[in-house]
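**Q** Quick one: sequence and predicted model below, then my questions.
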Amino acid sequence: MNHERLATMLRCPACGAEMRYKPRVFSYCCDGRVLHTFRVKDQFADLVHGDAEGRQKKVDRAFDRVAGRLYEKTVTGATAFDRMVVELMWGTTKFIPLLFELLGSVAEDCEPGYFLDIPVGTGIFTAGEYSLQPNLEFIAADYSRKMLAHAYEKVLAEDYGNVMLVRTDVRSLPFADGMFTGVLTMNGFGSFPDPERALDELVRVLKKEGKLAGSVYVRGERLATDFMLGRLGAAVGMFTRPIYTEEEFLAGLESRGINKIVTRKVRSIMFFSARKCGAAPPAAAPAAEVVKEDEGQDPGALPPSGE
């Protein structure tokens, strides 16, 4: 991990000042009037400023609740039992191959530069694609230390040279404006503590004409999923509110200057791909074009449906 290179793209999450890396003490510090220091822990840069809400403990409990590595088996439908669980929650398993394909299909459509993958989780869906995109420098970010530890094992095993791991709070990203040519958030909005602020930050760090893509659980598509995940999941801390409908989520993108939107839904999971086209449109401006699966498809925007 090239800490000096990472430092050039950082801004202090506490005060917004530029940052530099101090190799002798394995720390990042800012150049603001008040010195804020962030350590390198467990082989990744820990750039979270404070934890007044005790959020890390909540995140760890949520991770432990799904038994650590069993998380990967479940979300990938590795066994017949796992596929049965996924089918019960989502009503289908057909979206799982699309999750594996998503990073590759999006990254190939981005200009060379930095690419943000947040939340990376354990890297189960995206780590295998990093080495296939040599023109991109990946920032694999998450809030959970345990998730990042598992992602680091995958990065270390493959000896990637274009991946840097960062612990960060998506509500206050430690990156300069317009830093990334692409941003991927795979099932991220269900876990972000403040989806509105998170979306503001993701758009802020995306460069003009950069690509924003991902997958998101949308409410109102399947009653059983809305009950199990939207209500029970939110009650135990596995999902956070608000949980958007498709229309609400797309309106949130458009209001932030994100358009050229392509979507595809598989039951309650919606895949989306869009571009940042400058400032948010005025209220009277026509809505951005939304191309859905049954209306045509941008060949490089999203992976094939598989249905």
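**A** Perfect, thanks for sending it. Numbers count the residues shown, from 1 in each chain.
**Q** Distance-wise, check P174 relative to V40.
**A** Using Cβ to Cβ, to the nearest Å, P174 is found at 14 Å from V40. Every C-beta, even on glycine, is put in place using the N, C-alpha and C of the backbone.
**Q** With neighbour numbers in mind, choose between the two.
**A** Under the criterion of other Cβ atoms under 10 Å, the comparison of P174 against V40 puts P174 first, with 26 against 18.
**Q** Do I have it right that that one meets A7?
**A** No. With contact defined as Cβ atoms under 8 Å, P174 does not count as touching A7 (10.3 Å).
**Q** Touching both of the two, which residues are there?
**A** M19 (Cβ atoms under 8 Å, 6 or more residues apart in numbering).
**Q** May I ask you to name the longest strand in the chain?
**A** Secondary structure of the chain read by DSSP state E shows that its longest strand is strand 206-217.
**Q** Now do the biggest helix by length in the chain: which elements does it pack against?
**A** Longest helix in the chain, counting residues (DSSP state H): helix 145-158. Judged by 3 or more Cβ pairs under 8 Å, 6 or more residues apart in numbering; DSSP states H and E, the packing partners of helix 145-158 are strand 44-46, helix 55-65, helix 127-130, strand 136-142, strand 163-167.
**Q** low pLDDT regions in this structure?
**A** Along the chain, segments meeting pLDDT under 70 span 51-69, 159, 278-307.
**Q** Correct me if wrong: Y71 contacts T122.
**A** Yes. Y71 is within contact range of T122, at 6.7 Å (criterion: Cβ under 8 Å).
**Q** neighbour count winner among these two?
**A** Remark: of Y71 and T122, T122 carries more neighbours, 25 against 20, as counted by other Cβ under 10 Å.
**Q** quick one, helices of this protein?
**A** 3-7, 55-65, 70-76, 80-90, 96-107, 127-130, 145-158, 195-205, 223-225, 234-235, 246-255.
**Q** For D31, find the nearest of the ones you listed.
**A** Of all the helices of the chain, the one in closest proximity to D31, counting by Cβ to Cβ, is helix 3-7 (10.9 Å).
**Q** what does the closest one rub up against?
**A** The contact list for helix 3-7, computed with Cβ under 8 Å, 6+ apart, reads 19-21, 23, 28, 40, 45, 137, 139, 164, 166.
**Q** Return that helix as CSV; C-alpha atoms alone will do.
**A** Only the C-alpha atoms of helix 3-7 are listed here, as CSV (Å, rounded to 0.1, in the frame of the first residue of the first chain):
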residue,chain,number,x,y,z
HIS,A,3,0.7,5.6,1.8
GLU,A,4,2.5,8.6,0.3
ARG,A,5,0.4,8.4,-2.8
LEU,A,6,-2.8,8.0,-0.8
ALA,A,7,-1.9,11.1,1.3
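**Q** and A127, what does it touch?
**A** Neighbour list for A127: 120, 140, 151, 154-155, 158, 160 [criterion: Cβ under 8 Å, 6+ apart].
**Q** Can you lay out the helices of the chain as TSV showing distance to G32?
**A** TSV is the format used below for the helices of the chain (distance: least, Cβ to Cβ, whole Å):
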stretch	distance to G32
helix 3-7	14
helix 55-65	24
helix 70-76	38
helix 80-90	45
helix 96-107	34
helix 127-130	33
helix 145-158	25
helix 195-205	19
helix 223-225	45
helix 234-235	37
helix 246-255	32
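**Q** Between these, which one is closest to R33.
**A** Between R33 and those, the shortest gap by Cβ to Cβ is with helix 3-7, which sits at 19.0 Å.
**Q** Show me which positions of that closest one end up buried.
**A** If you call a residue buried by 16 or more other Cβ atoms under 10 Å, then helix 3-7 has these buried ones: 3, 6-7.
**Q** what distance separates it from the middle of the whole chain?
**A** Computed by Cα atoms, centre = their mean, to the nearest Å, the chain-centroid distance of helix 3-7 equals 21 Å.
**Q** Ok, stretch 256-268 next?
**A** Chain-centre distance of stretch 256-268: 15 Å, with Cα atoms, centre = their mean.
**Q** do the same with stretch 21-28
**A** Put simply, stretch 21-28 sits 27 Å off its chain's centre (Cα atoms, centre = their mean).
**Q** Need the residues that contact it.
**A** The contact list for stretch 21-28 (Cβ under 8 Å, 6+ apart) reads 3-4, 6-7, 10, 19-20, 29, 37-40, 45, 47.
**Q** okay, how far is it across that stretch, tip to tip?
**A** Using Cα to Cα, to the nearest Å, the end-to-end distance of stretch 21-28 comes out at 4 Å.
**Q** quick one: buried residues of it?
**A** Buried residues in stretch 21-28, counted by 16+ other Cβ under 10 Å: 21, 27-28.
**Q** ok, of these, which one's closest to R231?
**A** Using Cβ to Cβ, Y28 comes nearest to R231 of the buried residues of stretch 21-28, at 40.3 Å.
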